[in-house]
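Undergrad: One predicted model, sequence on top.
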Amino acid sequence: MSIQAHFNKFNKNIYLTSHSEGYKKAKEKDNSIFDEIKSAFKDAGYPVVDSFMQGSFAVNTAINSLEGDFDIDRAIVIDAHNAPEDPIAPKKIIKEILDKRNFKDPRIKKPCVTADYKSINLHIDYTVYKKETSLFGNDTYYLAVGKNGSSNEHKEWSEADQKGLIEWIDSVDDFVLGATAKRMQLKRLIRYVKRWRDVNFNCEGVRKKIFSIGLTIIMKEQYSPNSFSAEVDDDLQALKDTVDAILNAQYISAPWGSNDYRVYVRLPKEPRRDVFQHKVEGALAEGSDLNVGTQLRNKLLKLQDELQKALDETDERKQCQILNKVFGDDFEVPKEEKKASSNVASTCFVGGVASLSTAGASGTSQGA
């Protein structure tokens, strides 16, 4: 079996789709909640004109959670002409609906309404957008930003091109020949890196700050297959090349006078903010905090080394052992093949006559 076959099996083990068995209950809950939101928004005077999934499901890079929980990330769109001036108003309606259901402490956060279900492992994020259509038919989306108690300067309808971001991640414009195969490989590599993150960042506080969208953007920007060939390298080589490119780029750097690092990744679409921006004394600052940036750099360097070891290794089982330590038990190590025992009959002479010894022959005692 080739190393690519092992990667294919790994991908199958971690790949989560909307059709996966464990996701059915989550979909049913979301559909029921969304129906109630549509009705409530219509009664409030701003009917829902569109809705779409965001996050990993929108770009087909979702993976099974190590904890067995599921995330729903849904955008709810209303028409700009009917949208309330206060962007918090529709978010309050969503919170009221979630309050009546079996959720733990639904909260209005700055970008979304979020809640965890009590009886199943389900986390929900609902974001609200208003859509403005120009005379030329171009749509511009504005995100409802703000939370309960926000002053006027901290709540707004802020331009956010979420659909454009999804289309950018899915785009194959740079791949030329073999574009479909290259897009499929990129999505696999993103899933691998997300599982690597989940396995290798033991501190939950840091792991949650290595945002999936940040990893997705840098993988998309640095994945660079041969444009003049329809063929793609195996996933091991492609992943190593992409990690090399990430470390050679300018995403991670040390502030002047510091031996620690920050990671900076900017959204390629509006609002074009830094994905890893963090709070300093209540205000947002560019880049991650130093702990997150330093740990990400160190672990990427370790990943780079381990991938090179796997490439240099010629024994398939040893390759898988290296990759199992990198990605966890979903990257399976094949069982060691048992060598067939050879029962060679020995010849001895009894009374000058050749006699075949039956010691060790099938059906005889082995003496334990």
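TA: It's in.
Undergrad: For the chain, which segments count as strands?
TA: 48-53, 70-79, 103-108, 113-117, 122-133, 139-145, 156-159, 252-253, 262-263, 278-280, 283-285, 347-350, 353-356 (DSSP state E).
Undergrad: Mean neighbour count for the ones you listed - can I get that in CSV?
TA: Every C-beta, even on glycine, is put in place using the N, C-alpha and C of the backbone. Putting the strands of the chain into CSV (neighbours: other C-beta atoms under 10 Å) gives the following:
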stretch, mean neighbour count
strand 48-53, 15
strand 70-79, 21
strand 103-108, 16
strand 113-117, 21
strand 122-133, 21
strand 139-145, 20
strand 156-159, 17
strand 252-253, 18
strand 262-263, 26
strand 278-280, 12
strand 283-285, 10
strand 347-350, 8
strand 353-356, 9
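Undergrad: Out of those strands, the one nearest Ile3 is which?
TA: Closest approach to Ile3 among the strands of the chain is made by strand 252-253 (28.2 Å; C-beta to C-beta).
Undergrad: how about the strands of the chain in JSON lines, adding distance to Asn8 and mean pLDDT?
TA: JSON lines is the format used below for the strands of the chain (distance: least, C-beta to C-beta, whole Å; pLDDT from 0 to 100):
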{"stretch": "strand 48-53", "distance to Asn8": "26", "mean pLDDT": "97"}
{"stretch": "strand 70-79", "distance to Asn8": "24", "mean pLDDT": "95"}
{"stretch": "strand 103-108", "distance to Asn8": "38", "mean pLDDT": "92"}
{"stretch": "strand 113-117", "distance to Asn8": "33", "mean pLDDT": "93"}
{"stretch": "strand 122-133", "distance to Asn8": "29", "mean pLDDT": "95"}
{"stretch": "strand 139-145", "distance to Asn8": "37", "mean pLDDT": "97"}
{"stretch": "strand 156-159", "distance to Asn8": "41", "mean pLDDT": "97"}
{"stretch": "strand 252-253", "distance to Asn8": "31", "mean pLDDT": "98"}
{"stretch": "strand 262-263", "distance to Asn8": "30", "mean pLDDT": "98"}
{"stretch": "strand 278-280", "distance to Asn8": "38", "mean pLDDT": "88"}
{"stretch": "strand 283-285", "distance to Asn8": "41", "mean pLDDT": "85"}
{"stretch": "strand 347-350", "distance to Asn8": "51", "mean pLDDT": "42"}
{"stretch": "strand 353-356", "distance to Asn8": "49", "mean pLDDT": "43"}
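Undergrad: Make CSV out of those and add distance to Asn60.
TA: As requested, the strands of the chain are exported to CSV (distance: least, C-beta to C-beta, whole Å):
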stretch, distance to Asn60
strand 48-53, 10
strand 70-79, 14
strand 103-108, 27
strand 113-117, 23
strand 122-133, 18
strand 139-145, 21
strand 156-159, 26
strand 252-253, 27
strand 262-263, 25
strand 278-280, 29
strand 283-285, 30
strand 347-350, 66
strand 353-356, 65
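Undergrad: So which of these is nearest Ile94?
TA: Nearest to Ile94, of all those, is strand 113-117, at 4.4 Å by C-beta to C-beta.
Undergrad: and the closest one, how far out from the chain's middle?
TA: Taking C-alpha atoms, centre = their mean, to the nearest Å, one finds strand 113-117 lying 19 Å from the centre of the chain it belongs to.
Undergrad: nearest to Ile246, of the strands of the chain?
TA: Ile246 lies closest to strand 252-253 among those, at 8.3 Å (C-beta to C-beta).
Undergrad: for the closest one, packing partners?
TA: strand 262-263, helix 290-312 (3 or more C-beta pairs under 8 Å, 6 or more residues apart in numbering; DSSP states H and E).
Undergrad: just to revisit the earlier point, just so I know, which of the strands of the chain lies nearest Gln295?
TA: strand 262-263 (9.6 Å).
Undergrad: what comes into contact with the closest one?
TA: With contact meaning C-beta atoms under 8 Å, 6 or more residues apart in numbering, strand 262-263 is reached by 214, 251-255, 276, 286-290, 292-293, 296-297.
Undergrad: Try it again at 6 Å.
TA: Residues outside strand 262-263 that contact it (C-beta atoms under 6 Å, 6 or more residues apart in numbering): Tyr251, Ile252, Phe276, Gly287, Ser288, Gly293, Leu296.
Undergrad: likewise stretch 145-165?
TA: Under C-beta under 6 Å, 6+ apart, the answer for stretch 145-165 is 54, 87-88, 108-110, 130, 141-143, 269-271.
Undergrad: Now that stretch: buried residues?
TA: Residues of stretch 145-165 classed as buried by neighbour count (16 or more other C-beta atoms under 10 Å): Val145, Gly146, Lys147, Ser150, Lys155, Trp157, Ser158, Ala160, Asp161, Gln162, Lys163, Leu165.
Undergrad: How much space separates the most centrally placed residue in the chain from Pro47?
TA: Against the mean C-alpha coordinate of the chain, by C-alpha atoms, centre = their mean, the closest residue is Lys194 at 4.4 Å. Distance of Lys194 to Pro47, computed by C-beta to C-beta, to the nearest Å: 36 Å.
Undergrad: repeat for Lys155
TA: 22 Å.
Undergrad: just Glu281 next, same as before
TA: Here the criterion is C-beta to C-beta. By it, Glu281 lies 42 Å from Pro47.
Undergrad: Looking at those two, which is more packed in?
TA: Pro47 (13 against 5; other C-beta atoms under 10 Å).
Undergrad: The closest residue to the more buried one other than its chain neighbours: how many residues sit nearby?
TA: Using C-beta to C-beta, 6 or more residues apart in numbering and skipping the chain neighbours, the partner closest in space to Pro47 is Phe41 (5.9 Å). Using other C-beta under 10 Å, Phe41 has 20 neighbouring residues.
Undergrad: Cheers, nothing more for now.
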